[in-house]
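**Q** one predicted model, sequence on top.
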Amino acid sequence: MADLATKEITLVDQTTNVSSSAKMYIDNGGTFARANFDDVFKITDTFKTLRGNGHPHNGIYRGKDLTNVYTIDQMYAMIHDGTFSDLFLGDYFTKSITTDIYTKFTGTAFESGVTYYERSGADLLNWTYTETEDAAYDSTKTYYTKLTKTENVTLMFAAFDYYYQMGDTACATHHAILIPRNYGFATTSKMNPTNTTVGGYYNSEMHQTTLPCYAKSLKTTLNNHLLSHRTILSNTVNTSTPSMAGAGFTGASTNWAWVTTELQLMTEQQVYGTRAWTSSAYDIGIDYRILPVFNFINPVLFGRNSYWLRSVVSSTYFAYCGTLGGAHGHGASDAYCVRPLILFG
């Protein structure tokens, strides 16, 4: 191997017009060999010169543990001012998260020793749960049970300004997308209590009940910097419409609506960069681009377990990413991990 020498290169901040230098290694014939990666990241700062929007940051994968480097509010400041400063794809931080997970009770009689709850509120952004005063099961009411789970969750930066200026009401707030770095939260959940996709993703138990529970805990974790946004979600499934999943599947999304959401599952397109089992265009909406982090890593690199995606497959199946990383679909009442898309901004 040729002897390596160093050569200074000049880097110019295009916003401030300030020059700085970094070392590059060259062989003795003058051919570029490699950059001193650590030096490049220490410049004042090569990557801090990528100012003004998040798009340049969507092309750099770093994968640095920021847990003991920055606080939540410090990272929020880098996002909110639109510079994204020292944040890059694959960077991550670990937080302890406590979630009250409510699940619809599907039985026909109360069990001894179990606490049951009733839900109130105008919509999924405002659900509240209170312990029922009923001494016995009332078939005219809907009840819920609660599981409280405390766990360490590692959140990874997956995209920057992904939705910027998108939506029927433009998203004008700079933001980053976080996803759990491994397969998601530890507690598995169903898309629906039974094997049906009727009502589409928006009306699923996952979106209406489970995800709002995680949204509440993530608001606390992110110091109230969980950003709600407008997106299009499927809300109708025709059970006799042929599915674009092929293979004889019937049942496909046939309508959608603009909604305000705080938390949602990823589409197949956001994970794989293409449609695999998606039933129709109504499953996709504005979530048709791969999350930039998946241009650098595969979807199960940091945790081999199955997690739900939001795409309808048929009248009974939703899509999911399998343990081995393959694209799959299965019955809505199966229990898989929850790996949501989180807007931090």
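**A** Okay, I see it. What you see is a predicted model; the values in this text were computed from it and never measured. Numbering: from 1, shown residues only.

**Q** which stretches of the stretch 1-150 of the chain form helices?
**A** With DSSP state H, counting those that start in this stretch, the ranges of helices along the stretch 1-150 of the chain come out as 37-42, 72-80.

**Q** compare the mean pLDDT across those and name the weakest.
**A** Sorting those by mean pLDDT places helix 37-42 lowest, at a mean of 45.

**Q** so how far is Ala335 from the nearest residue to Gly331 once chain neighbours are set aside?
**A** Closest residue to Gly331 apart from its sequence neighbours, by CB to CB, 6 or more residues apart in numbering: Asn195 at 4.1 Å. Just so you know, the C-beta spots here come from the backbone N, C-alpha and C atoms, and that holds for glycine as well. According to CB to CB, to the nearest Å, Asn195 and Ala335 sit 12 Å apart.

**Q** before we move on, what about Thr150?
**A** Per CB to CB, Thr150 is found 20 Å from Ala335.

**Q** equivalent analysis for Phe157, please.
**A** Going from Phe157 to Ala335 by CB to CB gives 28 Å.

**Q** which strands or helices does the longest helix anywhere in the chain pack on?
**A** Scanning the chain for the helix with the most residues, using DSSP state H, yields helix 211-221. Applying 3 or more CB pairs under 8 Å, 6 or more residues apart in numbering; DSSP states H and E, we find helix 211-221 packed against strand 92-104, strand 340-344.

**Q** okay, it in PDB with CA atoms only?
**A** C-alpha atoms of helix 211-221 as PDB (Å, rounded to 0.1, in the frame of the first residue of the first chain):
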ATOM      1  CA  LEU A 211     -51.100   5.200  18.600                       C
ATOM      2  CA  PRO A 212     -52.700   8.000  20.600                       C
ATOM      3  CA  CYS A 213     -51.500   6.200  23.800                       C
ATOM      4  CA  TYR A 214     -47.900   6.400  22.500                       C
ATOM      5  CA  ALA A 215     -48.400  10.000  21.300                       C
ATOM      6  CA  LYS A 216     -49.200  11.000  24.800                       C
ATOM      7  CA  SER A 217     -46.100   9.500  26.300                       C
ATOM      8  CA  LEU A 218     -43.900  10.800  23.400                       C
ATOM      9  CA  LYS A 219     -45.200  14.300  24.000                       C
ATOM     10  CA  THR A 220     -43.700  14.100  27.600                       C
ATOM     11  CA  THR A 221     -40.500  12.500  26.300                       C
END
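
**Q** between strand 340-344 and the helix or strand that it is followed by, find me the angle.
**A** Using DSSP states H and E, the helix or strand that follows helix 211-221 towards the C-terminus is strand 229-242. Inter-element angle recorded for strand 229-242 and strand 340-344: 160 degrees (by axes from the mean of the first three to the mean of the last three CA atoms, to 10 degrees).

**Q** in its sheet, what does strand 229-242 sit against?
**A** Sheet pairing here is set by DSSP bridges, and for strand 229-242 it gives strand 250-261 (antiparallel).

**Q** mind listing the strands for the stretch 101-250 of the chain?
**A** 117-120, 128-131, 144-160, 176-180, 185-190, 229-242, 250-261 (DSSP state E, counting those that start in this stretch).

**Q** any stretches of the protein with poor pLDDT?
**A** Applying pLDDT under 70 to the chain flags residues 1-53.

**Q** again, 90 this time
**A** Along the chain, the parts satisfying pLDDT under 90 run over 1-56, 85.

**Q** could you report the neighbour count for the residue nearest to Gly331?
**A** Neighbour count for Asn195, taken as other CB atoms under 10 Å: 17.

**Q** what sits against it?
**A** 316-317, 331-333 (CB atoms under 8 Å, 6 or more residues apart in numbering).
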